[in-house]
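Trainee: compute the structure for the input listed below.
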Amino acid sequence: MLRHLTRTLALAVALSISAGQAYADTALKGAGATFPHPLYSKWFRDYQAEDPTVTFSYEAKGSGYGISRIVSGGVDFGATDKYLTDQELKVAPEKLLHIPTVIGAVAVAYNVPVAGHGLKLTPQALAGIYQGKITRWNDPILVRLNPKLGLPSRKIVVIHRSDSSGTTSIFTDYLSAVDNSWSKSVGKGTSVVWPVGVGAEGSSTLVKKIEETPDSIGYVEIAYALENDLKTAAIKNRSGRFVKANALSTRAAAVQAMQKKAGKAHPAERDFRLSLVDQPGKEAYPIVGLTWLLVYQQQRDAVQGKKLVEFLRWQLRKAEKMTSTLHYTPLPETWTTQVEQTIGSIHIPQ
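Mentor: So this is what the prediction gives:
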């Protein structure tokens, strides 16, 4: 009898400890952009090492998916490379905040075996390829830009994202800004009606398609291109220089636009929604964008809200130093205080 009672008490204690541990863990769910996914994955792992009571889950299915999930209340945070318009924000049940995290460049990657590195493209040439006006690698326009590459006569295989994508939003925002015919015929957004090309769902799938398809071209966040050793084109910027995507050219593109935008509002009312494409500056890479975390200003759960705010403060102050190793560009220091104030405006229920 005593032995049975001892075993019963031991089992009860074990169950109590187990239940207490389960209660202590706070699960934060997110969904959205594949653009920053390599970086966010590292942030989640590193933060869990500092605070083991937090667990993260993240569905990298594109910015459109992240927006729909946060608006429907299915996740604690959404991730997007395309900011929401005033009209889109009205659909959300409560006030959504845009928390900018990092800046990234959209590289134009290609797989032309005989051409080697060094492809140069003007905005009009890039738009022409994606409109189906330039269909072969030895088109006179491309040969004039790249006389030493020995471009082949083979057909260009155009690859684009098939899902609702923030990377697509940045890419088409750029093409709309630099090419009037693109702006009128195709436009910009997370999803567009592509004149030509083969679709790929997600950044990783797009990379794989480029790798497996000779004579192909596609657009992808620079981290994916560099991590997979893809060739990337130099794009002619507003100053007339051909610039490749890297940390310096990304920052050069972002600083001026961000300073102008940030100076317009009271610090507590910053609006971090802005486009960074086609910025002036000799060193500026022209296809650059911000990526944001979408969170509700009014949190519904005290524990989850507190943990989410703690993570947001951590990534702003500490994780930005990790960005360069994964080829992202941190926010300018001039923005840190303003972003922190926005995070501080999140209300956690008592």
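Trainee: ranges for the strands of the stretch 151-300 of the chain?
Mentor: Using DSSP state E, counting those that start in this stretch, the strands of the stretch 151-300 of the chain run over 157-161, 198-200, 216-221, 231-232, 234-236, 242-243, 288-296.
Trainee: kindly reformat these as JSON lines containing mean pLDDT and mean neighbour count.
Mentor: Every C-beta, even on glycine, is put in place using the N, C-alpha and C of the backbone. What follows is the strands of the stretch 151-300 of the chain, written out as JSON lines (pLDDT from 0 to 100; neighbours: other Cβ atoms under 10 Å):
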{"stretch": "strand 157-161", "mean pLDDT": "98", "mean neighbour count": "23"}
{"stretch": "strand 198-200", "mean pLDDT": "97", "mean neighbour count": "16"}
{"stretch": "strand 216-221", "mean pLDDT": "97", "mean neighbour count": "26"}
{"stretch": "strand 231-232", "mean pLDDT": "96", "mean neighbour count": "20"}
{"stretch": "strand 234-236", "mean pLDDT": "98", "mean neighbour count": "22"}
{"stretch": "strand 242-243", "mean pLDDT": "98", "mean neighbour count": "19"}
{"stretch": "strand 288-296", "mean pLDDT": "96", "mean neighbour count": "26"}
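Trainee: distance to residue 62 added to the ones you listed, as CSV?
Mentor: Formatted as CSV, those follow (distance: least, Cβ to Cβ, whole Å):
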stretch, distance to residue 62
strand 157-161, 8
strand 198-200, 11
strand 216-221, 12
strand 231-232, 22
strand 234-236, 24
strand 242-243, 27
strand 288-296, 12
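Trainee: right, and the ones you listed - which one's nearest residue 73?
Mentor: Proximity of the strands of the stretch 151-300 of the chain to residue 73 was assessed by Cβ to Cβ; the nearest stretch is strand 288-296, lying at 8.6 Å.
Trainee: just confirm residue 305 is within a helix.
Mentor: Yes. Counting by DSSP: H, G, I helix; E, B strand; the rest coil, residue 305 is found in a helix.
Trainee: circling back to that earlier point, so for residue 91, which of the strands of the stretch 151-300 of the chain sits nearest?
Mentor: Going by Cβ to Cβ, the one of the strands of the stretch 151-300 of the chain nearest residue 91 is strand 288-296, 12.3 Å.
Trainee: now do that closest one against strand 216-221, angle only.
Mentor: Inter-element angle recorded for strand 288-296 and strand 216-221: 50 degrees (by axes from the mean of the first three to the mean of the last three Cα atoms, to 10 degrees).
Trainee: strand 288-296 pairs with which strands, parallel or anti?
Mentor: Using DSSP bridges, strand 288-296 pairs in its sheet with strand 77-80 (antiparallel), strand 96-111 (antiparallel).
Trainee: most tightly surrounded among the ones you listed?
Mentor: strand 77-80 (a mean of 28; mean count of other Cβ atoms under 10 Å).
Trainee: next structured bit after that one?
Mentor: helix 86-91 (DSSP states H and E).
Trainee: mind listing what's buried in that next one?
Mentor: Buried residues in helix 86-91, defined by neighbour count with 16 or more other Cβ atoms under 10 Å: residue 89.
Trainee: how about the strands paired with strand 288-296 in TSV, adding distance to residue 166 and mean pLDDT?
Mentor: TSV is the format used below for the strands paired with strand 288-296 (distance: least, Cβ to Cβ, whole Å; pLDDT from 0 to 100):
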stretch	distance to residue 166	mean pLDDT
strand 77-80	5	97
strand 96-111	10	95
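Trainee: residue 65: which of these is closest?
Mentor: Among the strands paired with strand 288-296, strand 77-80 comes nearest to residue 65, with 8.6 Å by Cβ to Cβ.
Trainee: and the closest one, C-alpha only, in CSV?
Mentor: Taking C-alpha atoms only, strand 77-80 is exported to CSV below (Å, rounded to 0.1, in the frame of the first residue of the first chain):
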residue,chain,number,x,y,z
PHE,A,77,3.2,38.1,-36.4
GLY,A,78,3.1,38.3,-40.1
ALA,A,79,6.2,38.9,-42.3
THR,A,80,6.1,40.9,-45.5
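Trainee: between the strands paired with strand 288-296, which one is closest to residue 41.
Mentor: Short answer: strand 77-80, nearest of those by Cβ to Cβ, at 11.6 Å.
Trainee: which residue ranges of the stretch 251-350 of the chain form helices?
Mentor: 302-317, 333-344 (DSSP state H, counting those that start in this stretch).
Trainee: neighbouring contacts of the longest one?
Mentor: Surrounding helix 302-317, the residues in contact under the criterion Cβ atoms under 8 Å, 6 or more residues apart in numbering are 26-28, 43, 47, 50-51, 53-54, 76-77, 99, 101, 293, 295, 299, 336, 339-340, 343, 346-350.
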